[in-house]
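Participant: What would the 3D arrangement of this be:
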Amino acid sequence: MAGITEECIAEIRNRADIVDVIGSYIQLSKAGSTYKACCPFHKEKTPSFNVNPNMQIFKCFGCGKAGNVFSFIMEYEGLDFLSTVKMLADKTGVEIKYNKGYRPKGEGEKSDLYQVNKKVAEFYYSCLSSDKGKPAVDYLKSREITGEMAKEFTIGYAPEGWDTLINWAKSQKITEQDLDKLGLLSQSEKSDHQYDRFRNRLMFTIHDDQGRVVGFSGRILEGSKEKAKYVNTPQTPIFYKSKLLYGLHKARRAILDKQDAIICEGQIDVIRCHSAGFQNAIASQGTAFTEEHADKLKRYTDAVTIVFDSDSAGKQATIKTARIFIKAGMAVRAAIVPEGEDPDSYILKNGQEGFQKLLDEAMSIVSFQYNYFRTIEDITTDVGMMRASKQIMETINISTSEIQKAKMSLEAAELLNIPLSALQSDLKFRVQGTYTPPPKKQAKRETRILNPQTLQPLPYDEKSICEIIASNFDNAEVHALVRDYLPNAIILSPVTKKFIDAALWAHESDEDIQDLLAEDADNQQLMTHFSATMFMEPNKFANTEATAVSATQLLIIAIWKKYFQHQYATLQNNYRPEDDKKRSQLTYDKNNMTSWETAEPIIKIAFEKIALD
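Facilitator: Coordinates of the predicted model:
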């Protein structure tokens, strides 16, 4: 193996007894000098899977699968050889040794951090059974989470106190520097003093897909003075929430077997599903699902069933998440829990059979989206029909599979009661992006012609800003936020640039935005179509606690973060030592834009720099 010594691999193979390793996955029965079981790689009733302890090999006489301890783990867990070696090294306590002159960057430090996190998880778990852990135990009992379930998922408790973890770490000879690197400490605003990040919280241990402890998610408990319901590990050298899927380390085998993953919203939903026998359940980790999540999951399956909450926010999240998986080339279904329920509560009330029935009745995302729009739009009207069909077509258009597009189009045409040919024609006509005209009375405005055939899909954040402006056109606070905190220079799409310019001008001058857009003769048809599309969008904040202002703030933060990331990448690609300070500042600014309160001063300074340039 490139890098790792042959001696190290041999030592791992010698220590990892094949009977113990395979026996930890499936039930083995002794048969003479060997062991037998039903094969985990194909369905059978009579055991034909044999494990030979003397030769340290396995063979199935049914499907022909055979190999040693490494090949079993690779096949069962879906891992590559390097990941398998590291996994078994961790289990057997063998230190990875590399050939002379070879050492993966950061490997030593990361290995140490994994070990520290593992010890911290064990510490939190031990606190759960201590006298101090009563608040967490009471909460788990109220949610009907048993001790076995808590042990299986390493649920723990972070005691009250500012330095409980710090003092424990000292007794274990773990440095504050390592705790800080792992995001387990917070910095006082008034001094250099550091304190425990997690205090009086129920602790969910977060593993990567190899089962290594990479971080934590702490839930607030009754009596806590803190406001945040959940506090999560920040990004660290081993914790990247955009790449992590909660429960995947336990769900991989079931996902491979069933060729389907159940997508939940929360950790307790996942735990409840696993305890009820649905071991292919996973969730994202403190963030919306990303393309990285979809790419990771696609290693194990090409189909998912989404089971989110049944409120308006949950349904919107279902559609958004489905589009991510569809874009990755996966088949998507959505299961609907009754109003006010989630997978956890539904399983508690209806049991395994009830939840299985709900999964069996899961519908296509096209049907789900159609049913959702029937609750928020009157689709018997032309406007309601256009809005519903537009949203469904956006979902269809995301697919990269012509077969999938055709199937979804046929279903959509039947539901919407329109000719398939009309739907297909509209799909071909649809433009993924759109534009903004040079507002009149504004000098030196860009007026290049936009070609609908070459436009790329609009950046999601920029398109969402346009939708908010359109659906809240009389909201002066929204316009002020966009005008004062979103400079034209950081907007990527010429389409959204032109629309935002015209919208701001129209709002301040009381002119009609369509008239302003029509003044740009070269792009008139494209931009008026885009503008009409934006104004036809349903109000996303109807019947929700979110506001247009708070949503605008979050989108502005997201656009600035992407801008900072782009600036950092540019400096990195054209590396010069004298730019180190700029790179550090960009990283600091991006990481500290966690709320509008922290982001606003950063944006103001950056805005002024752009204006001066």
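Participant: Every contact and neighbour count from this point should use C-alpha atoms.
Facilitator: Noted.
Participant: buried sites along the strand or helix carrying residue 601?
Facilitator: Taking DSSP states H and E as the criterion, residue 601 maps to helix 596-612. By neighbour count on 16 or more other C-alpha atoms under 10 Å, the buried set for helix 596-612 is 599-600, 602-603, 606-607.
Participant: now for that helix, which elements pack on it?
Facilitator: helix 476-485, helix 548-573 (3 or more C-alpha pairs under 8 Å, 6 or more residues apart in numbering; DSSP states H and E).
Participant: and the longest one with helix 476-485, angle?
Facilitator: Read it as helix 548-573. Between helix 548-573 and helix 476-485, the angle comes out at 20 degrees (axes from the mean of the first three to the mean of the last three C-alpha atoms, to 10 degrees).
Participant: what's the average pLDDT for helix 548-573?
Facilitator: The average pLDDT within helix 548-573 is 89.
Participant: now the angle from the following helix or strand past it to helix 596-612?
Facilitator: Once the chain leaves helix 548-573, the next helix or strand it forms, by DSSP H and E, is helix 580-591. Angle, helix 580-591 to helix 596-612, by the same axes, to 10 degrees: 140 degrees.
Participant: How far off centre is helix 580-591?
Facilitator: 24 Å (C-alpha atoms, centre = their mean, to the nearest Å).
Participant: Next, the buried residues of it.
Facilitator: So helix 580-591, judged by 16+ other C-alpha under 10 Å, has buried residues 583, 586, 589-590.
Participant: and the helices and strands packed on helix 596-612, which is most packed in?
Facilitator: helix 548-573 (a mean of 17; mean count of other C-alpha atoms under 10 Å).
Participant: what residues does stretch 212-221 touch?
Facilitator: Contacts to stretch 212-221, defined as C-alpha atoms under 8 Å, 6 or more residues apart in numbering, come from residues 114, 117-118, 121, 135-136, 139, 182, 198, 200-208, 226, 228-233, 238-239.
Participant: before we move on, what about stretch 54-71?
Facilitator: Against stretch 54-71 from outside (C-alpha under 8 Å, 6+ apart): 13, 16-19, 21-22, 39, 41-42, 48-52, 72, 81, 84-85.
Participant: PyMOL command for the buried members of those residues?
Facilitator: Provided next is the PyMOL selection string for whichever of these are buried by 16+ other C-alpha under 10 Å:
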select buried, resi 13+16+17+18+19+21+22+39+41+48+49+50+51+52+72+84+85
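Participant: Give me the contact list for stretch 554-568.
Facilitator: The contact list for stretch 554-568 (C-alpha under 8 Å, 6+ apart) reads 461-462, 464-465, 482, 485-486, 490-491, 583, 586-587, 589-590, 593, 595-596, 599, 603.
Participant: Tell me how many other residues crowd residue 340.
Facilitator: Residue 340 has 10 neighbours, counted by other C-alpha atoms under 10 Å.
Participant: In this structure residue 398 contacts residue 328, no?
Facilitator: No. Residue 398 is beyond contact range of residue 328, at 9.1 Å (criterion: C-alpha atoms under 8 Å).
Participant: higher neighbour count, the two?
Facilitator: More crowded of residue 398 and residue 328, by other C-alpha under 10 Å: residue 328, with 21 against 18.
Participant: Dihedrals phi and psi, residue 229?
Facilitator: Here the main-chain torsion angles of residue 229 (degrees, to the nearest 10) amount to phi -70, psi -40.
Participant: Not counting sequence-adjacent ones, nearest residue to it?
Facilitator: residue 220 (5.1 Å; C-alpha to C-alpha, 6 or more residues apart in numbering).
Participant: Good, we can wrap up now.
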